[in-house]
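> Predicted model follows, preceded by the sequence.
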Amino acid sequence: MGYDVPMRKNNPASDTGFDNIYPIELHKIPILGAVACGEPILMSEERENYIMSGTDIKADFCLVAKGDSMMNARIMDGDIVFIRRQPEVENGEIAAVAIDDEATLKRFYRDETTGTITLVAENPSYAPMVFTAENQKNVYILGKAIAFQSDIR
């Protein structure tokens, strides 16, 4: 009947007494503001907000998606996008890209032959943004999108 054994199993991985439940390790990631998923929007850094995330997400910061240009990649307006800071991304990866003082989230493509950079939305309603070698002076990669968090809609 269990009177002669402890009520809970002694499992160092879990306080619940169940063998299949393990604690989730969390860390804080700063939300630095919004990123356009449409037309680029003005960048702003708000380091007052944080989001708790599992330690398996190796992000440096988060941005809040604004707009619908990345909807076919399942990134919707209001979603939190986790960004790993890095100066380069592979062709076809989703990146947060700064253009002058504005930021946008798009698929990144660089043509080594022509030197052009093309930012492609995941919504056919938006035309690709093409930057020739001459007009890339103020275009730079903030980082690679590695995950996103979405509400059930």
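Structure's in. What do you need? Computed from a predicted model, the values in this text were never measured in an experiment.
> Quick one: residues contacting Leu119.
Val97, Thr104, Lys106, Arg107, Phe108, Tyr109, Pro128, Met129, Val130, Phe131 (C-beta atoms under 8 Å, 6 or more residues apart in numbering). C-beta here means a position set from N, CA and C on the backbone, and glycine is covered the same way.
> can you check Thr118 too?
Shown in contact with Thr118 (C-beta under 8 Å, 6+ apart): Phe108, Tyr109, Arg110, Asp111, Pro128, Met129, Val130, Phe131.
> Out of the contacts of Leu119, list just those in strands.
Cross-referencing the contacts of Leu119 against strands under DSSP state E gives Val97, Thr104, Lys106, Arg107, Phe108, Tyr109, Met129, Val130, Phe131.
> Just the buried residues of the residues you listed.
Val97, Thr104, Lys106, Arg107, Phe108, Tyr109, Met129, Phe131 (16 or more other C-beta atoms under 10 Å).
> Looking at the residues you listed, which is nearest Leu142?
Nearest to Leu142 among these is Val97, at 6.6 Å by C-beta to C-beta.
> Look up which residues are beta-bridged to the closest one.
In this entry, Val97 is beta-bridged to Thr104, Ile141, by DSSP bridges.
> and it, what is it in contact with?
Ala103, Thr104, Leu105, Lys106, Phe108, Leu119, Val139, Tyr140, Ile141, Leu142.
> now Ile51
Ile51 neighbours (C-beta under 8 Å, 6+ apart): Lys28, Ile29, Ile31, Cys62, Ile80, Gln149.
> 6 Å - rerun?
Ile29, Ile31, Cys62, Ile80 (C-beta atoms under 6 Å, 6 or more residues apart in numbering).
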